[in-house]
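1. after the sequence you'll find the predicted model.
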Amino acid sequence: MASHRIGARLSGLSPEQLVAFIDEQAPLWSAAAMRVAEEHAARLVEQPEWVLSEVLLSPDLAPHILAQLPTKEHAAKGTPSVRLYTQPDAR
């Protein structure tokens, strides 16, 4: 199979050579192929803790991430956001 041959050829490349090969070939890929490659690469590369704690869970970004999830699959999506307000004094 052709995919096994290319894997065997690429397995001997240095990381720098592999990146150069990908950079050269990426413009030829379809949008769908690029999306799959990006998703696969994201799973392979471990993100630093600050990416999760300071970026993905930030109050500015989290609502946008949650908004992309289907409503039925994410119960937190429908929860109201916390708003700070003062109640009138009940005198």
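-> That came through, no problem.

2. helix or strand for residue 24, which one?
-> helix 15-25 (DSSP states H and E).

3. three-state assignment of residue 64?
-> With DSSP: H, G, I helix; E, B strand; the rest coil as the basis, residue 64 sits in helix.

4. so how far is residue 11 from it?
-> 39 Å (CB to CB, to the nearest Å). For the C-beta atoms, the positions are set from N, CA and C on the backbone; glycine is no exception.

5. so where's this protein shaky on pLDDT?
-> Residue ranges of the chain with pLDDT under 70: 1-4, 71-91.

6. how far out from the middle of the chain is the helix holding residue 24?
-> How far helix 15-25 lies from its chain's middle: 21 Å, per CA atoms, centre = their mean, to the nearest Å.

7. what element comes up after it heading to the C-terminus?
-> helix 31-44.

8. quick one, that next one and helix 15-25 angle?
-> On the basis of axes from the mean of the first three to the mean of the last three CA atoms, to 10 degrees, helix 31-44 is oriented at 160 degrees to helix 15-25.

9. for residue 9, see how far away the spatially most central residue of the chain is.
-> Centre of the chain computed as the mean C-alpha position; nearest residue by CA atoms, centre = their mean is residue 42, 6.3 Å away. In this view, residue 42 and residue 9 are 25 Å apart by CB to CB.
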